[in-house]
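Undergrad: Make a model of this:
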Amino acid sequence: MTETREGSADVTPEAEAFYTESLKLLKDSQIPFLLGGTYAVSAYTGITRPTKDIDVFCRGGDFPRILAYFQDRGFETEIEDERWIGKVKHGKLFFDVIFNSAVAINPVSDRWFEEDHRAIICGADVQLIPPTEMVFSKSFVQMRHKYDGPDVAHLILKQHAAIDWKRLLAHMEQYWEVLLMQVLNFRFIYPTERDCIPGWLLEELLNRLHERAKLPIPQTRICRGRLFSREDYLIDVTEWGFADVVGEETKHG
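TA: The predicted model follows:
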């Protein structure tokens with residue numbers, strides 16, 4: 001039997017009423033969606049904190065359907081960035097509709113819907129992003145004004161048994177060093193809870209680090225910082241001559 005949790009956040013009564021109505025309409029639409037963000041973190045960890053919105057995740061093909069559904073019902077909609085995010089708005093209140101990451105490395109796929117993790121959010125029984133994909137997504141939120149490292153640590157602490165570590169490694173195959181950062185960060189924060197992370201995973205990541213150290217330095221000067229924050233590392237690719245994650249190396253003017 002699937003466990004049903006409860007998720008909460010510190011919000012105004014007006015915001016809670018908007019989120020309640022929005023989630024009811026989303027369920028009525030029968031368009032598949034997953035809930036992430038603060039409410040999902042609360043459901044998985046028990047942490048309650050303020051939030052400015054709810055994060056609704058969907059497949060790329062369902063993204064325009066959700067926006068159109070709400071637009072037809074009198075809500076204002078906005079496509080903030082067609083590569084990954086839009087908004088449904090009601091005055092100053094809004095919720096995000098997300099189908100990828102800001103740098104397009106983790107699109108929402110059918111796999112995200114295969115595990116049934118549920119919670120009661122604003123009175124609605126909704127499906128949550130699986131813990132595995134939440135860790136994957138949040139590992140790349142490392143900006144000057146927003147850092148999700150504590151969320152990753154808390155998710156590992158509270159949901160390590162529900163994380164598919166092999167799937168997580170497969171998600172982050174190209175970015176295994178980011179996963180190693182999160183593993184070491186967790187071990188530092190919770191030295192008595194190190195067994196929450198499988199020993200084979202740490203061994204695999206450290207072996208990769210050892211093997212990588214034997215190889216030559218890449219010929220192209222790359223700044224992968226823009227996988228974490230496009231703004232914070234903008235100067236690297238516009239003035240300092242580093243190549244972006246995709247694109248050509250720039251020259252100093």
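Undergrad: In this structure residue 85 contacts residue 98, no?
TA: Yes: Residue 85 sits in contact with residue 98 when judged by C-beta atoms under 8 Å, with a separation of 5.1 Å. Placement of C-beta: from N, CA and C, glycine included.
Undergrad: ok, those two, which is more surrounded?
TA: Legend: neighbour count by other C-beta atoms under 10 Å for residue 85 and residue 98, higher for residue 98 (24 against 18).
Undergrad: per-residue confidence for that one?
TA: At residue 98 the predicted local distance difference test score is 97.
Undergrad: can you check residue 101 too?
TA: As summarised for this prediction, residue 101 has a pLDDT of 89.
Undergrad: just the strands in this structure please.
TA: 4-7, 34-36, 55-57, 76-81, 85-90, 93-98, 118-121, 124-127 (DSSP state E).
Undergrad: now for those strands, which one comes closest to residue 49?
TA: Ranking the strands of the chain by their distance to residue 49 (criterion: C-beta to C-beta) puts strand 4-7 first, at 11.2 Å.
Undergrad: Buried residues, that closest one. List them.
TA: By neighbour count with 16 or more other C-beta atoms under 10 Å, strand 4-7 contains the buried residues 5, 7.
Undergrad: Enumerate every residue touching the most centrally placed residue in the chain.
TA: Taking C-alpha atoms, centre = their mean, the centroid of the chain lies closest to residue 137, which sits 2.9 Å from it. Contacts for residue 137 (C-beta atoms under 8 Å, 6 or more residues apart in numbering) come out as 36, 101, 106, 129.
Undergrad: next one: residue 177
TA: Residue 177 sits next to residue 209 when contact means C-beta under 8 Å, 6+ apart.
Undergrad: do residue 178 as well
TA: When the contact criterion is C-beta under 8 Å, 6+ apart, the partners of residue 178 are 139-140, 172, 227.
Undergrad: name the helices or strands packed onto the lengthiest helix in the chain?
TA: Selection of the longest helix in the chain by residue count, based on DSSP state H, yields helix 13-29. Packing contacts for helix 13-29, counted by 3 or more C-beta pairs under 8 Å, 6 or more residues apart in numbering; DSSP states H and E, involve helix 63-71, strand 93-98, strand 124-127.
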